[in-house]
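J.: Generate a structure from the sequence data that follows.
(chains A and B)
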Amino acid sequence: MTGCFDIFRAYLFADMCWYKNNRWLLFYHFIWPYLMVALILGFGSLFGSIESYSERLGVSSPILFLLSSTVVAMSSISIVSSLAEFVIENRWSGTLPYIMLTPAETPIIFIAAGLPDAIISPLITVAAILPAALYLEGISGGIRILTILIFIFLGMLPLLGLSALIASLTLIAKEESNIGQIIIPFLLLVSGVYYPLEILPSILQFIGRIMPVAYVVEATRLFSKYTIPEIRLVLILIYTLTVMTIAYNLLASLTLKRADRALRGKGVI
Amino acid sequence: MAEAIEVKDLTKRYTSSLKKGWFRREKIIVKALKKISFNVKYGEVFGLLGPNGAGKTTTVKILATLLLPDGGSAKVAGYDVVEFSSIVRNNIGVTLTVEKGFFWKLTGRENLKYFGMLMGIRGDKLNRRVNELLNILGLERLGVSDKFYEEYSLGMKARLSLARALLKDPPILILDEPTLGLDPPSARAMRELLIKLAKEDGKAILLTTHNMFEAEMICDRVAIIDEGRIISLGKVDELKRMVARRVIIDIVASGTPIGIDAIKDRISEMIDGNVGLSMDDKGRLRIRILSRAGSEESNLAEAIKILSNLSIRVNRVRLEEPTLEDVFIALTGKSGI
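T.: Residues are numbered from 1 along each chain as shown, chains lettered A, B, ... in the order given. The predicted structure follows:
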């Protein structure tokens, strides 16, 4: 019988082959954080100085913060895309029925299939920005980035559940709509990736608070400040992300089970 | 020993909607399967024959646990496909379409390894099995095992598809049109392999096909399915015997001033028998009339008269024994499947 580990291994293998066979993809992952930061700094300088941005966020190195935020953004995009588009991509390539023939429960297939991306994508992006962090802040910058990486991993777990939830909607949707493409910009907007959540309207702030990415961004801000963050704040973030991991993955499991049964009834797979 | 596949009174309805504008849709209920029953033994190649939309793929999908039936029961390897779907999946190898179903930017070998891992095969066992299958299916010999799937021809894709179905060495294979679109040498190689898998390895093989010649070549038994019902089931010889007291009039003609449907209608009106018409790639018309023994001469004379009235030149006339295709035409009244 196939277990969660077998599915994880299969997708880790497929991801590795994908990078091996598409080397430009790896190059793109390395260059993208820098392009994003350059773009934001370019636009940002039209509205105010880098010092005022730094003051507003309360971070010592705004460039380091922006680089870290880009890791969060890229990892989030990667995980949401890979799971939310999982159904559509596999439908197009004709692989969906064979994946659904895996002798495992559908929620396990979806969640375990997203895990390798949740690990590989942050690792690659961190590897890309680590030289810049070391250059800007020395060893302490490197340590901060690696600490943030731990929070990114923690943040990816509830995001995995949220993405699986989106994937179940795609499974049910009769149209071949790419729900992920709609969700991603919204997710980045309400998570405060590039500016503080507090400046958003209250309704968007509320939505932001139920998004796991917002807490990873909060952790990024905490670790980009002048001083070592209070342990109490760090624990609150860890606790919140743990609760979200359980809640989102449980909800995704239930929805996927229902979606699977409905689809097997309709014969859409 | 239990039957490999047992299907009893299986029914399936689809609800689809017909678009009647931007917002209005009309619900349509399609009865895809109407209480079909059959079984497949280990070591047997069982063919499910029928035209498009007959219910073949619906049957395959139910047996592969990809579709839930509305009524009746289906057991594979002794397990109910609804209640014990995971166990059923462990006992079957499936091909649904041969032209896709793999990742384009992965090689054949990488694709097989990925699907092998999904099936729970680990370590050296997986590498050995993948290498073994690439050899058996001839992909290693063709030198394409390490080429991207996007570079594969249809024949190679079909071989890789069967290799995936065989990864776990399952006792039961469920294959939906495994030779569709293949060139004759590839189709022949595939058929030979399927016979070997059934006769030497004792696997139960259920395959669907349009191809009567193929069914006649490799199937031990066939079920003819049409509009969701099995209209005949038995050994190929038994089915042929059902129309044994009939004779096939095979006419090859050329030069058709009107459409073949119009010719068919005119001949069908005048003779007592089933008529099938087709046009070959050289533009020659082939007319096959399934005639009752004894009336073949009058039917032949009538057909030639109609053709000569239409200024169609008759090139060849032959009387022969019925084939499985003729059985199908006799049973369903359809031709050109």
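J.: which bits of chain B sit near chain A?
T.: B:12, B:14-15, B:58, B:61, B:64-68, B:86-87, B:89-90, B:94, B:96-97, B:99-107, B:110, B:113-115, B:117-120, B:122, B:148, B:164 (Cβ under 8 Å from any Cβ of the partner chain). (Each C-beta comes from the backbone N, C-alpha and C, glycine too.)
J.: Give me the buried entries from those.
T.: B:12, B:14, B:58, B:61, B:64-68, B:87, B:89-90, B:94, B:96-97, B:101-103, B:105-107, B:110, B:113-115, B:117-120, B:148, B:164 (16 or more other Cβ atoms under 10 Å in any protein chain shown).
J.: Next one: residue A:212 from residue A:199, what distance?
T.: Per Cβ to Cβ, to the nearest Å, residue A:212 is found 20 Å from residue A:199.
J.: The two: which has the busier surroundings?
T.: Using other Cβ atoms under 10 Å in any protein chain shown, the more surrounded residue of residue A:212 and residue A:199 is residue A:212, with 25 against 10.
J.: quick one on the thing from earlier: out of the buried ones among the residues of chain B next to chain A, which sit inside strands?
T.: Within those, residues falling in strands by DSSP state E are B:12, B:14, B:94.
J.: Export the residues you listed to a markdown table and append columns for pLDDT and distance to residue A:62.
T.: Output for those, formatted as a markdown table (pLDDT from 0 to 100; distance: Cβ to Cβ, whole Å):
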| residue | pLDDT | distance to residue A:62 |
| --- | --- | --- |
| B:12 | 93 | 61 |
| B:14 | 84 | 58 |
| B:94 | 94 | 55 |
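J.: Out of these, flag the one nearest to residue B:228.
T.: Nearest to residue B:228 out of those is residue B:12 (Cβ to Cβ; 8.0 Å).
J.: Now that the closest one has come up, it's in contact with residue B:66, right?
T.: No. Assessed by Cβ atoms under 8 Å, residue B:12 is found out of contact with residue B:66, at 11.9 Å.
J.: which residues are in contact with both of these two?
T.: residue A:267 (Cβ atoms under 8 Å, 6 or more residues apart in numbering or on different chains).
J.: what about the closest residue to residue B:271 other than its chain neighbours, neighbour count?
T.: Nearest residue to residue B:271 in three dimensions, chain neighbours excluded: residue B:299, at 4.5 Å (Cβ to Cβ, 6 or more residues apart in numbering or on different chains). Neighbour count for residue B:299, taken as other Cβ under 10 Å: 22.
J.: Please name the residues that touch residue B:299.
T.: Residues counted as contacts of residue B:299 (Cβ under 8 Å, 6+ apart) are B:249, B:271-273, B:289, B:291.
J.: try residue B:219
T.: Residue B:219 neighbours (Cβ under 8 Å, 6+ apart): B:45-47, B:207, B:236.
J.: ditto for residue A:45
T.: By Cβ under 8 Å, 6+ apart, the contact list for residue A:45 is empty.
J.: Just say helix, strand or coil for it.
T.: helix (DSSP: H, G, I helix; E, B strand; the rest coil).
J.: Tell me if residue B:37 really is in a strand.
T.: Yes. Residue B:37 forms part of a strand when assessed by three-state DSSP.
J.: in terms of contact, does residue A:14 touch residue B:114 like I think?
T.: Yes. Assessed by Cβ under 8 Å, residue A:14 is found in contact with residue B:114 at 4.9 Å.
J.: Okay, and the spatially most central residue of chain A sits in which element?
T.: Against the mean C-alpha coordinate of chain A, by Cα atoms, centre = their mean, the closest residue is residue A:76 at 1.7 Å. Residue A:76 belongs to helix A:62-84 when assigned by DSSP states H and E.
J.: what about residue A:112, neighbour count?
T.: Residue A:112 has 24 neighbours, counted by other Cβ under 10 Å.
J.: Show me what the helix or strand containing it is packed up against.
T.: Here residue A:112, judged by DSSP H and E, is contained in helix A:106-172. The contact analysis (3 or more Cβ pairs under 8 Å, 6 or more residues apart in numbering or on different chains; DSSP states H and E) places helix A:106-172 against helix A:4-21, helix A:23-47, helix A:62-84, helix A:86-93, helix A:96-100, helix A:179-190, helix A:212-223, helix A:231-266.
J.: Over to the nearest residue to residue B:109 once chain neighbours are set aside: give its phi and psi.
T.: Nearest non-adjacent residue to residue B:109, counting by Cβ to Cβ, 6+ apart: residue B:145, 4.8 Å away. The phi/psi pair for residue B:145 (degrees, to the nearest 10) reads phi -60, psi -40.
J.: how near is residue B:145 to residue A:211?
T.: Distance of residue B:145 to residue A:211, computed by Cβ to Cβ: 45 Å.
J.: if we can go back for a sec, what's the helix or strand for the residue nearest to residue B:271?
T.: Going by DSSP H and E, residue B:299 is in helix B:296-309.
J.: Next, the buried residues of that helix.
T.: Buried-residue list, helix B:296-309, by 16+ other Cβ under 10 Å: B:296, B:299-300, B:302-304, B:306-307.
J.: Identify the residue with the minimum pLDDT among those.
T.: Among the buried residues of helix B:296-309, residue B:296 carries the lowest pLDDT, at 76.
J.: So that one sits against residue B:318, correct?
T.: No. Here residue B:296 does not reach residue B:318: they are 11.3 Å apart, not a contact under Cβ under 8 Å.
J.: Now do the shared contacts for those two.
T.: Shared contacts of residue B:296 and residue B:318, counting by Cβ under 8 Å, 6+ apart, come down to residue B:249.
J.: what sits opposite the most centrally placed residue in chain B in the beta ladder?
T.: Nearest to the geometric centre of chain B sits residue B:209, at 0.8 Å (Cα atoms, centre = their mean). Per DSSP bridges, the residues bridged to residue B:209 are residue B:49.
J.: Poorly predicted segments of the chain, please.
T.: Unless you meant another one, I'm taking chain A. For chain A, residues meeting the criterion pLDDT under 70 lie at A:1, A:43-44, A:47, A:57, A:173-180, A:194-195, A:225-229, A:268-269.
J.: that's the wrong chain, I meant chain B
T.: B:1, B:242-247, B:293, B:321-322, B:333-337.
J.: quick one on the thing from earlier: distance from the helix holding residue A:112 to the middle of the chain?
T.: 5 Å (Cα atoms, centre = their mean, to the nearest Å).
J.: which SSE is residue B:251 in?
T.: strand B:246-254.
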